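> Build me a model from this:
(4 chains)
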Number of protein chains: 4
Amino acid sequence: MKTKVAPWIFTASCPSILGTVDVVTRYMAEAGNYIDEIHSFDDRESGRFFIRIEFLPQQENFSEQAFAEAFAERAAEFNMEWALTAPDHKPKVAIMVSKYDHCLNDLLYRFRTGQLNIEVTVIISNHPDLEDLAKWHGIPYYHLPISHETKLEQEAKVRELVEQYETELVVLARYMQVLSPSMCEYLDGRAINIHHSLLPGFKGARPYHQAWEKGVKMVGATAHYVNNDLDEGPIISQGIQTVNHAHYPEDLIAKGQDIERVTLFHAVKCHVEKRVFLNDKRTVVLGG
Amino acid sequence: MKTKVAPWIFTASCPSILGTVDVVTRYMAEAGNYIDEIHSFDDRESGRFFIRIEFLPQQENFSEQAFAEAFAERAAEFNMEWALTAPDHKPKVAIMVSKYDHCLNDLLYRFRTGQLNIEVTVIISNHPDLEDLAKWHGIPYYHLPISHETKLEQEAKVRELVEQYETELVVLARYMQVLSPSMCEYLDGRAINIHHSLLPGFKGARPYHQAWEKGVKMVGATAHYVNNDLDEGPIISQGIQTVNHAHYPEDLIAKGQDIERVTLFHAVKCHVEKRVFLNDKRTVVLGG
Amino acid sequence: MKTKVAPWIFTASCPSILGTVDVVTRYMAEAGNYIDEIHSFDDRESGRFFIRIEFLPQQENFSEQAFAEAFAERAAEFNMEWALTAPDHKPKVAIMVSKYDHCLNDLLYRFRTGQLNIEVTVIISNHPDLEDLAKWHGIPYYHLPISHETKLEQEAKVRELVEQYETELVVLARYMQVLSPSMCEYLDGRAINIHHSLLPGFKGARPYHQAWEKGVKMVGATAHYVNNDLDEGPIISQGIQTVNHAHYPEDLIAKGQDIERVTLFHAVKCHVEKRVFLNDKRTVVLGG
Amino acid sequence: MKTKVAPWIFTASCPSILGTVDVVTRYMAEAGNYIDEIHSFDDRESGRFFIRIEFLPQQENFSEQAFAEAFAERAAEFNMEWALTAPDHKPKVAIMVSKYDHCLNDLLYRFRTGQLNIEVTVIISNHPDLEDLAKWHGIPYYHLPISHETKLEQEAKVRELVEQYETELVVLARYMQVLSPSMCEYLDGRAINIHHSLLPGFKGARPYHQAWEKGVKMVGATAHYVNNDLDEGPIISQGIQTVNHAHYPEDLIAKGQDIERVTLFHAVKCHVEKRVFLNDKRTVVLGG
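Sure thing, here's the model as predicted:
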């Protein structure tokens, strides 16, 4: 079988008007970029257009800069926000955790084996427990314990680490602290959180206990972007697990771990592959 | 292959104490009743025991009355509430609908083909639309239009019909009317409703529109017993359907129909097979 | 909310070379056709390109013929096979059944309620059982009993009916007869069959009995195009159902009905929406 | 909430005759053993009865030996094979792997965090690659490379290790070697293998490539007991993953990993919890 050549990824969004697809695909053809896959979506409510293209440059001297110079003017006519992602780009990711390690273990496994095309550069926790796991993967681990008094101070340190490690994406992999508004603001749009319920159901603390009280027959997990509205950021992916009367809250917690980690992985993968677009309070996920 | 002989069903619940299983199974053995399948559950929170047994009487002269006479004293020692259901028992079911017919169509199909071991004796609606469907199945159809003024009066008529048709179970198959408190009281524990969301998420009106607003990636359905707390009755079964950004509310409504009808069917089937036990605000579903 | 305007659908496939997307999207822009959604796929094994576009003509005088005249020359340069489907096009569908009616009942329900944008023009069966169901929907029903001797003769009559009713698609909705090679040839590419297993597992007769023998924990269903290789036609969709040790073959048959009808519906819907492309022995399903 | 007390587990099977449940539950009541959960199944084809009970001894001096002495005679009357499993029993498990580590990583994670109540005592591989992973978990790792000539010799060494580490269960966690008939014989009934297809579909080598060739829309995984019939041992659990035309064999391999590891975990968990009973070539899984 033929082996896959990793493609460049072009993503863009702009107001919906005639010609939005053409301005992109015509340039691709003229520039000798072979389109391997294309997905687009027009939201008739928000009046916004979204497109994602995987392409293979046919010319030796393809460069991001040349693409930008040639395409910028055309894009401007459509008020198009766009981006190119190189095949060898590995976004630097910071992971924040507390004591639960199922999501961390899963992300590190997929990072280590190449299932996630990322570079995990730093792990930050308010507990010391998971340092060994980080060590074994050769990733720096920072233990920043948090009390009511030290919260803002420690968040400032988190920010420093995020900067220092040139972080592109922060993943809250069951980080069991409520972020301050300023921290939410800081992470807006570039942090993904996993919440252990099918949001907007069971917001807030102890969702599995809430679920048990209600006698639900399914528990879920939601991966979403962090924004300034707690547990209300735009949803990227959701997963579900069947349960029954014989499951006590501790069973829901155990059973939920599998769906949490798969849901978080799926969201991070879609984000890294540039499939996720913000569309007001919702997301568009192209070909996810 | 050997053909299945339909079993008798024995169900019981009582406080959890030593000997609850033995009192039942010993009697079964002594009375010559062959146990084909047995499920039990002890809820350590509510301190309550639940059991469901399928059995095949080995003696020609088995009778419900003889069973009751012989077993009653033993059951009383354990404060056991119990019931026998004969293999040929077909509960009489009244179905209430409005205009949507996907749940009705599904229930009637399964009734007609024997997948549901019930007798649909009457269909009641606040709209005339589905009369033809009822007619084709040879089931009486009552059109009781409801306005704000006539609500209580019409509910009284519903009650009369429920009585007249010796109804054992009422199924609200997308009946789009909020029941009055007295009607809820009347139907408490013997009516099943389908709500088109994964309760307790998106309670109340237009759940698919609510779901779209939130940008969820899954929509669900919940079948629950009617009680006096709107959309809060004990949950019997839930189902889920994956959706994405390209689905507008009308698409969610369409896609949700499949999961609604399957979820409602599953709940009615479990109820009819005597698998569902009330356990405070939750349900125990044995072998469902 | 804004209401949906039904789009025109453009579909095409051709060998994969530079410019395949551009030739289409450039024409769309020049002709004033607003692209609402676009999916493409390049198969690097077969070297073939597939595209599906939903578009809204912006000009009053849009016509299929004008589109064809203007686009044909451009398409020819790429050896492109293409088709336009009008928003109001309802393909004429013939359904073939035997005695099981779960798939027929489901398709008719979705036809009747508009979930499937088709016109069911004729129902053909080798048994008389389902005539009433057809009648209630006002659809002509032909009973063509088949014996070993009459098979070819009756198949000829089926062909006549297919022609007479100007059939675009034949759906074998649990039609329990093995088609003759010439009939397979005749239906090649324009008939969809539902097989009650996850093909290629359990080909041939009594797949649920085969599944039970093997003690499987899941049973499935497969909708595929009919071709000249029995149970080996290109797969369009598959579905699955969890089962366990307590399910005898007759239970598998009952449980499988739900997944059969959903799987068949999904395949017919994708076909009718022009999402399915033949790609040698496999299918490409764009945005399904 | 009340915390869970780990129960003793009683399992048994015998020919189906009247009184099989009673002989067990009567003894439990008389001996003061509180039954927390009970599942039984009678296979009307094989004429065999299976039962699994979780119970909490109410007497201080409960001992396995005393149970055995008191119960043995009653059991003998029914030709009952039975076993007791103590709450603190952790079966010693040997894991065999090759190069793929997704299943190993998952099993070790669940072992380390207590999700699997086992003791992984040894890891055996025909490749050196996964030694680091074993080391980090503090588990001895034996590298036994296998060539055509050395196969039987190395299998003898595997047997020695299995004995030396007092192994109760062997898990073939993507061990990519065909076992010799004598090795299969040796492991019969006490080894679980994961095969990367929904058996009996795609037996043998490279199932994902086979699946791609057929254009399937779902790929699966099967965990089964090893017996002397390659890929035909009794199935314990199966899982499924949706795929589409855009997935090449290497994508199926990647996507399949999640379902493989979950399916294998589920089978090992059921086995360890004594839920799985052999029933000729099939399994009964009680309350799994």
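
> How is chain A partitioned into domains?
A:8-85, A:92-285 (automatic domain parsing).

> near chain B at all, the last one?
Yes. Applying CB under 8 Å from any CB of the partner chain, one finds that domain A:92-285 is in contact with chain B at A:198-202, A:213-218, A:220, A:234-238, A:240, A:244-246, A:248, A:279, A:281-285. Every C-beta, even on glycine, is put in place using the N, C-alpha and C of the backbone.

> Going through those, which ones are buried?
A:198-202, A:214-218, A:220, A:234-238, A:240, A:244-245, A:248, A:279, A:282-285 (16 or more other CB atoms under 10 Å in any protein chain shown).

> what residues are up against residue A:99?
A:127, A:129-130, A:176 (CB atoms under 8 Å, 6 or more residues apart in numbering or on different chains).

> Against chain B, how distant is residue A:179?
20 Å (CB to the nearest CB, to the nearest Å).

> So for stretch A:123-138, what gets flagged as buried?
Buried residues in stretch A:123-138, counted by 16+ other CB under 10 Å: A:123-126, A:130, A:133-134, A:137.

> re the thing from before, adding secondary structure, pLDDT and distance to chain C, write the contacts of residue A:99 out as JSON lines.
Shown next, in JSON lines, are those (DSSP: H, G, I helix; E, B strand; the rest coil; pLDDT from 0 to 100; distance: CB to the nearest CB, whole Å):
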{"residue": "A:127", "secondary structure": "coil", "pLDDT": "97", "distance to chain C": "38"}
{"residue": "A:129", "secondary structure": "coil", "pLDDT": "97", "distance to chain C": "36"}
{"residue": "A:130", "secondary structure": "coil", "pLDDT": "97", "distance to chain C": "35"}
{"residue": "A:176", "secondary structure": "coil", "pLDDT": "92", "distance to chain C": "34"}
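
> any idea which of these is closest to chain B?
The nearest member of the contacts of residue A:99 to chain B, counting by CB to the nearest CB, is residue A:176 at 22.5 Å.

> give me phi/psi at the closest residue to the closest one other than its chain neighbours?
Distance criterion CB to CB, 6 or more residues apart in numbering or on different chains; nearest residue to residue A:176, sequence neighbours excluded, is residue A:98 at 4.0 Å. Per-residue torsions, residue A:98: phi -120, psi -110 (degrees, to the nearest 10).

> Residue A:266 too?
The phi and psi torsions at residue A:266 (degrees, to the nearest 10) take the values phi -60, psi -40.

> Let me know how buried it is, in neighbour terms.
19 (other CB atoms under 10 Å in any protein chain shown).

> thought it was touching residue A:222?
No. Residue A:266 is beyond contact range of residue A:222, at 11.2 Å (criterion: CB atoms under 8 Å).

> Now for those two: what residues contact both?
Listed as contacting both residue A:266 and residue A:222 by CB under 8 Å, 6+ apart are residue A:237.

> Now do stretch A:276-288: everything it contacts.
Contacts for stretch A:276-288 (CB under 8 Å, 6+ apart): A:11, A:13, A:37, A:39-41, A:43, A:46, A:48, A:50-52, A:189, A:225, A:232, A:234-237, A:266-267, A:270, A:275, B:213-215, B:217, B:244-245.
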